[in-house]
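*Asks:* My questions concern the predicted model and sequence given below.
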Amino acid sequence: MKHTLSVLVEDESGVLTRIAGLFARRGFNIDSLAVGPAEHEGISRITMVVPAEDKSIDQITKQLYKLVNILKVHDITSIPCVERELMLLKISGFGNKRPDILEIVQIFRGRVVDLSENSLIIEVTGDPGKILAIEQILKPFGIAEIARTGKISLIREPKINTEIF
């Protein structure tokens, strides 16, 4: 199972290296990693997607807390969250299929951020499922390059019914 971990850390050099080293020593892969400033100055939020069993995640969480500069570790996998990713996708050599591609981009609420005679670059933001869906739909048109951010996530407020979103 893939787990999403939200980790608050002091914004000091070497923190990410220590975290990555911990995962490497334990033989865990990190599928997705996003790091950026958090709500308070000097604090960063790291969002990681890690394939692991529940027992292993508990062990990793305990080991993360032993590292210097770790403030809070939260497994948010089963908690209602807002999740987003950003993907840039370049399509080349599409011939007369441009109108079809533009229609798909519009349906997915993406936008064209660069256009030339032979290629276009599309920007899509959304939950990981949406990102995967547009990538699969556009694959037959000839994807030349893809760049994706890692997943970022924030926990929804309690008492909010997430089933209607």
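*Replies:* Thanks, I have it. Numbers count the residues shown, from 1 in each chain.
*Asks:* Is there a neighbour count for R111? I'd like the number.
*Replies:* Neighbours of R111 under the rule other C-beta atoms under 10 Å: 12. Yep, even glycine has a C-beta here, placed from its N, CA and C like the rest.
*Asks:* Find the residue closest to it in space, skipping its chain neighbours.
*Replies:* Beyond its immediate neighbours in the sequence, the residue positioned closest to R111 (C-beta to C-beta, 6 or more residues apart in numbering) is E123, lying 5.4 Å away.
*Asks:* pretty sure that neighbour is touching F108, no?
*Replies:* No - in terms of C-beta atoms under 8 Å, E123 does not count as a neighbour of F108; the distance is 10.5 Å.
*Asks:* Tell me which of these two has more neighbours.
*Replies:* F108 (18 against 14).
*Asks:* For the nearest residue in space to the more buried one that is not next to it in sequence, give me its contacts.
*Replies:* The shortest distance from F108 to any residue that is not its chain neighbour, by C-beta to C-beta, 6+ apart, is 4.6 Å, and that residue is I134. By C-beta atoms under 8 Å, 6 or more residues apart in numbering, I134 lies in contact with 87, 89, 104-105, 108, 110, 124.
*Asks:* Confirm that I134 lies within a strand, as I assumed.
*Replies:* No - remark: I134 does not belong to a strand; assigned using DSSP: H, G, I helix; E, B strand; the rest coil, it is helix.
*Asks:* Read off the pLDDT value for it.
*Replies:* The predicted local distance difference test score for I134 is 97.
*Asks:* Check the gap between it and K90 for me.
*Replies:* I134 sits 13 Å away from K90, going by C-beta to C-beta, to the nearest Å.
*Asks:* coming back round to it: out of the contacts of I134, which is nearest to G150?
*Replies:* Checking these against G150 by C-beta to C-beta gives M87 as the nearest, at 11.2 Å.
*Asks:* separation between that closest one and V9?
*Replies:* The spacing between M87 and V9, counted by C-beta to C-beta, is 26 Å.
*Asks:* more neighbours, those two?
*Replies:* Neighbours around M87 and V9, counted as other C-beta under 10 Å, are more numerous at V9. The numbers are 24 against 20.
*Asks:* Neighbouring strands - and their directions - for the helix or strand where the more buried one lies?
*Replies:* The secondary structure element spanning V9 is strand 2-10 (assigned by DSSP states H and E). Taking DSSP bridges as the criterion, strand 2-10 forms sheet pairs with strand 43-51 (antiparallel), strand 70-75 (antiparallel).
*Asks:* Just say which of the ones you listed is most tucked in.
*Replies:* Each of the strands paired with strand 2-10 was assessed for mean neighbour count using mean count of other C-beta atoms under 10 Å. The highest is strand 43-51, with a mean of 19.
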